[in-house]
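Engineer: Next come a sequence and a model predicted from it.
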Amino acid sequence: MNLRRIREYFTLQLLKHFVGIVIGTTIVSASINTLIIPNQISDGGVTGIAIILHYLFHWPVSWTVLLLNIPLFIIGHRLVGRSFLVFSMVGVGVLSATLSLTTQLPVLTHDTLLAAIFGGVLSGIGMGIIFRSRGSLGGTDILAVLFARTTPLSVGQILLGIDAVIFLGVAILFRPEMAMYAMIYMFIATRVVDLVQVGLSHSKSVMVVTTHPQSIADEIMEKLDRGVTLFQATGAFSGEAKQVVYCIVNRTELSQVKEIVRDQDPLAFVAISEVPEVVGEGFSSWKGH
């Protein structure tokens with residue numbers, strides 16, 4: 001019975017991931033066909049190369065994306081994990097299909113700047129959904145993994161370099177403005193992907209080095225109903241034993257924490273930092289992760 005439930009759970013999870021990939025790629029494809037291509041804006045990675053080839057030779061982007069990814073999958077099948085490769089193949093296949101299906105959608109605007117901005121927003125939302133669904137659009141990600149293993153560069157640096165070469169090619173083959181709009185599009189898309197991945201509700205982590213840890217912890221737990229952790233610490237200069245109070249609160253509670261610390265120990269050392277995402281009791285749940 002337990003084995004059956006486990007199988008049902010993983011089947012449901014795979015279905016959710018697939019549905020997420022379909023939704024995400026549909027949004028990306030709609031963005032490309034209604035905003036990016038009509039306004040002659042490029043993209044990064046393999047999709048960007050396919051769009052450039054479309055501008056030069058009028059090749060369909062959907063088929064070009066698929067054909068360009070096939071050799072990359074052949075090269076990378078031994079370099080990346082099996083699940084990543086499978087989800088990448090699914091992502092590319094669905095992207096190719098949705099790019100073909102959304103070609104008849106009406107153009108939303110002929111203002112290039114608006115197209116770059118809102119195309120970035122839509123594509124960022126779509127790619128964020130794809131990534132949350134454990135998917136990938138393959139392409140240059142595989143090349144980046146390959147070169148990262150044979151060079152001192154990181155995957156992120158290689159991806160940035162590949163996109164830079166693509167945008168330079170756009171500037172040379174067409175006009176510099178096209179590359180500039182493409183960079184605006186990519187910057188916005190990247191930021192929106194981060195928002196979709198971690199959400200808008202950034203929290204704050206607070207670390208307090210104090211000689212009154214228990215009273216501060218008690219006040220936070222009583223007034224804010226937040227969990228608190230105490231760490232043992234030693235001052236490097238004085239050698240004095242101290243305790244560190246650690247807690248995570250939302251932005252609206254931060255001023256209350258500072259007030260509690262000030263009242264309990266005006267000489268305390270307080271460090272506050274941004275926390276993009278918190279999963280656990282009192283914050284977001286594991287559902288959807």
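Structural biologist: It's in.
Engineer: now the longest helix along the chain, how far from the chain's geometric center?
Structural biologist: In the chain, with assignment by DSSP state H, the single longest helix is helix 2-31. Between the centre of helix 2-31 and the centre of its chain there are 18 Å (C-alpha atoms, centre = their mean, to the nearest Å).
Engineer: So which elements touch that helix?
Structural biologist: Contact here means 3 or more C-beta pairs under 8 Å, 6 or more residues apart in numbering; DSSP states H and E; on that basis helix 2-31 packs against helix 82-101, helix 112-132. Bear in mind the C-beta positions are built from the backbone N, C-alpha and C, glycine included.
Engineer: continuing past that helix, what's the next helix or strand?
Structural biologist: Using DSSP states H and E, the helix or strand that follows helix 2-31 in sequence is helix 45-57.
Engineer: Show me which residues of that next one are buried.
Structural biologist: By neighbour count on 16 or more other C-beta atoms under 10 Å, the buried set for helix 45-57 is 45, 46, 47, 48, 49, 50, 51, 52, 53, 54, 55.
Engineer: ok and that helix relative to helix 112-132, angle-wise?
Structural biologist: Angle, helix 45-57 to helix 112-132, by axes from the mean of the first three to the mean of the last three C-alpha atoms, to 10 degrees: 140 degrees.
Engineer: which outside residues touch helix 45-57?
Structural biologist: Helix 45-57 has contacts (C-beta atoms under 8 Å, 6 or more residues apart in numbering) with 32, 36-37, 40, 42-43, 59-61, 64-65, 68-69, 72, 95, 137-141, 159, 162-163, 166, 169-170, 173-174, 182.
Engineer: Repeat that for stretch 212-222.
Structural biologist: Against stretch 212-222 from outside (C-beta under 8 Å, 6+ apart): 208, 210, 226-228, 230, 243-245, 247, 257, 260-261, 263-265, 268.
Engineer: Residue 164: how many residues sit nearby?
Structural biologist: By other C-beta atoms under 10 Å, 13 other residues sit near residue 164.
Engineer: ok, back up a step: got a ChimeraX select line for the buried ones in the contacts of stretch 212-222?
Structural biologist: In ChimeraX, a selection of the buried entries from the contacts of stretch 212-222 looks like this (16+ other C-beta under 10 Å):
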select :208,210,226,228,243,244,245,247,257,260,261,264,265,268
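Engineer: Just to be sure, which of the contacts of stretch 212-222 are found in helices?
Structural biologist: Counted as lying in helices by DSSP H, out of those, are 257, 260, 261, 263, 264.
Engineer: Can you tell me how far residue 231 is from residue 126?
Structural biologist: 42 Å (C-beta to C-beta, to the nearest Å).
Engineer: Of these two, give the one with the bigger neighbour count.
Structural biologist: A direct count of neighbours by other C-beta under 10 Å for residue 231 and residue 126 places residue 126 higher, at 28 against 12.
Engineer: Spit out the contact partners of the residue nearest to the more buried one when sequence neighbours are not counted.
Structural biologist: Once flanking residues are discounted, residue 126 sits nearest to residue 27: 3.3 Å by C-beta to C-beta, 6 or more residues apart in numbering. By C-beta under 8 Å, 6+ apart, the contact set of residue 27 is 122, 123, 125, 126, 129.
Engineer: and the lowest-mean-pLDDT helix or strand in the chain, what does it pack onto?
Structural biologist: When the helices and strands of the chain are scored by mean pLDDT, DSSP states H and E, helix 140-150 comes last with a mean of 73. Contact here means 3+ C-beta pairs under 8 Å, 6+ apart; on that basis helix 140-150 packs against helix 45-57, helix 61-76, helix 155-173.
Engineer: Which of these sits closest to residue 88?
Structural biologist: helix 61-76 (7.3 Å; C-beta to C-beta).
Engineer: Return the distance of the closest one from the chain's centre.
Structural biologist: With C-alpha atoms, centre = their mean, you get 23 Å for helix 61-76.
Engineer: can you give me the angle it makes with helix 2-31?
Structural biologist: Here the directions of helix 61-76 and helix 2-31 differ by 130 degrees (the same axes, to 10 degrees).
Engineer: got the CA positions of helix 61-76 in CSV?
Structural biologist: Provided in CSV are the C-alpha atoms of helix 61-76 (Å, rounded to 0.1, in the frame of the first residue of the first chain):
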residue,chain,number,x,y,z
VAL,A,61,11.8,29.6,-35.2
SER,A,62,10.0,26.6,-33.9
TRP,A,63,11.8,24.1,-36.0
THR,A,64,15.2,25.9,-35.8
VAL,A,65,15.1,25.8,-32.0
LEU,A,66,14.5,22.0,-32.1
LEU,A,67,17.2,21.3,-34.7
LEU,A,68,19.8,23.4,-33.0
ASN,A,69,19.2,21.6,-29.7
ILE,A,70,19.5,18.1,-31.1
PRO,A,71,23.3,18.1,-31.4
LEU,A,72,23.6,19.7,-28.0
PHE,A,73,21.6,16.9,-26.4
ILE,A,74,23.8,14.4,-28.2
ILE,A,75,26.9,16.1,-26.9
GLY,A,76,25.6,16.6,-23.4
